[in-house]
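>>> Sharing a model prediction with you, sequence too.
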Amino acid sequence: MADENCADSPTPLASEAPKPGQRMVHCVKFGREMPGLDKPPWKGEIGKRVYENVSKEGWRMWVEYSKMLMNEYRLNPMDPNSQKLMEEQMEQFFFGEGAKLPEGYVPPKAKS
């Protein structure tokens, strides 16, 4: 499934200048050149597309969103059907109409 090393690696903020020699991509989420991932974050064709078209910051957004999906749909990361659903959601998040919240989803209340 997802390669957590990509999500946990330190990433410069979008406003910071990229480091010399850093791999850059035109991020589909932000519509501008940004530092790219160090390696494909997922297996197969979708992983290759994400690697070529999504910034580290865009991938970080997906990781946070995917945590909500895993919890709401009660997905098992080792289950092939769960992996297929996550790939479909990833496709929509980056290359489709965008992320849609699960039916009946209620965001957690902010702590006061």
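It's in.

>>> Rounded mean pLDDT for stretch 54-72, please.
Across stretch 54-72, the average pLDDT comes to 95.

>>> and whichever strand or helix holds E52, how far from the chain's centre?
E52 is part of helix 44-53, with elements assigned from DSSP states H and E. The gap between the average C-alpha position of helix 44-53 and the chain average comes to 11 Å, counting by C-alpha atoms, centre = their mean, to the nearest Å.

>>> And it, what's buried?
Judged by neighbour count (16 or more other C-beta atoms under 10 Å), helix 44-53 contains these buried residues: 46-47, 49-51, 53. From N, CA and C alone the C-beta is placed, and that goes for glycine too.

>>> With stretch 25-38 instead?
Residues of stretch 25-38 classed as buried: 25, 27-29, 34-37 (neighbour count, 16+ other C-beta under 10 Å).

>>> Turn those into CSV, including distance to M90.
As requested, the buried residues of stretch 25-38 are exported to CSV (distance: C-beta to C-beta, whole Å):
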residue, distance to M90
V25, 16
C27, 15
V28, 12
K29, 12
M34, 18
P35, 20
G36, 16
L37, 13
